[in-house]
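Trainee: please work out how this folds:
(2 chains)
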Amino acid sequence: ETGVTQSPTHLIKTRGQQVTLRCSSQSGHNTVSWYQQALGQGPQFIFQYYREEENGRGNFPPRFSGLQFPNYSSELNVNALELDDSALYLCASSLGLRAVNEQFFGPGTRLTVL
Amino acid sequence: AQSVTQPDIHITVSEGASLELRCNYSYGATPYLFWYVQSPGQGLQLLLKYFSGDTLVQGIKGFEAEFKRSQSSFNLRKPSVHWSDAAEYFCAVGLYSGGGADGLTFGKGTHLIIQP
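Mentor: Numbers count the residues shown, from 1 in each chain, chains lettered A, B, ... in the order given. This is a model prediction of the structure:
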């Protein structure tokens, strides 16, 4: 059983560009959540996808968007990058929507916006 | 909205000594409570969780946590720390609104340093 994987590991972009981050869920998991972790902070919930539909969103603007595919892998897209978007982006997969279901986290993608 | 406070940004403990990491939450009802650990370059690993029932929960790596409703606290403990416990520890709360999952709300973390 493979765990949650994310790609790329590191990424450098300039302000105004667009970025796509990818996540492969743990086998059998149908729910993916994305978090942003700024330096020295705890992760912040961006949004969650369940069966290919967005199911909940945190306090993030619409330029943060996502997709979930039939195999439950997921993408996080960020448009019009800002300097404050520099962070570690974590993907977590789980079986089902409920907060009681354990979320398994990937190692993250480190995004630097210059 | 729920919130999580971890009052200690850094804690230094000698190897073999006991450990307690503090966590307080703010929420109208009893949320689901979690402790995660994050080592450099690693994702978050779940140490333990509380949903209901026995207020003392056991986790992996010898950790335990106690839920105290009256204090809105969920402190993490370990009787004897090892050098490999040096990491960032996050307390988190989760809830399910029924209309859509709200995700987990994390505290800012406590950085644990182990002295030889």
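Trainee: wait, isn't A:Gly96 in contact with A:Asn30?
Mentor: Yes: at 7.1 Å, A:Gly96 counts as touching A:Asn30 under the criterion of CB atoms under 8 Å. Glycine gets a C-beta too; all of them are placed from N, C-alpha and C.
Trainee: neighbour count for the two, which is higher?
Mentor: Comparing A:Gly96 with A:Asn30 by neighbour count (other CB atoms under 10 Å in any protein chain shown), the higher total belongs to A:Asn30, at 16 against 13.
Trainee: can the lowest-mean-pLDDT helix or strand in chain A be said to contact chain B?
Mentor: None of the helices or strands of chain A scores lower by mean pLDDT, DSSP states H and E than strand A:53-57, at a mean of 88. Yes: interface with chain B: strand A:53-57 contributes A:Asn55, A:Gly56 (CB under 8 Å from any CB of the partner chain).
Trainee: after that strand, which helix or strand is next?
Mentor: Downstream of strand A:53-57, the first helix or strand assigned by DSSP states H and E is strand A:64-68.
Trainee: now the following helix or strand past that following strand against strand A:64-68, angle please.
Mentor: Next along the chain after strand A:64-68, taking DSSP H and E as the criterion, comes strand A:74-78. Strand A:74-78 runs at 160 degrees relative to strand A:64-68, counting by axes from the mean of the first three to the mean of the last three CA atoms, to 10 degrees.
Trainee: ok, residues contacting strand A:74-78?
Mentor: Strand A:74-78 has contacts (CB atoms under 8 Å, 6 or more residues apart in numbering or on different chains) with A:18-23, A:25, A:32, A:34, A:46, A:49, A:63-69, A:85, A:89, A:91, A:111.
Trainee: number of nearby residues for the nearest residue to A:Asp85 once chain neighbours are set aside?
Mentor: Excluding its sequence neighbours, the residue lying closest to A:Asp85 (CB to CB, 6 or more residues apart in numbering or on different chains) is A:Val113, at 5.1 Å. Neighbour count of A:Val113, defined by other CB under 10 Å: 19.
Trainee: show me the contacts for the residue positioned nearest the centre of chain A.
Mentor: What sits nearest the mean C-alpha location of chain A, by CA atoms, centre = their mean, is A:Trp34, with 3.1 Å. Applying CB under 8 Å, 6+ apart, we find A:Trp34 in contact with A:Cys23, A:Phe45, A:Ile46, A:Phe47, A:Gln48, A:Gly66, A:Ser74, A:Leu76, A:Tyr89, A:Leu90, A:Cys91, A:Ala92.
Trainee: which pLDDT does the model give A:Thr109?
Mentor: Looking at A:Thr109, its pLDDT stands at 97.
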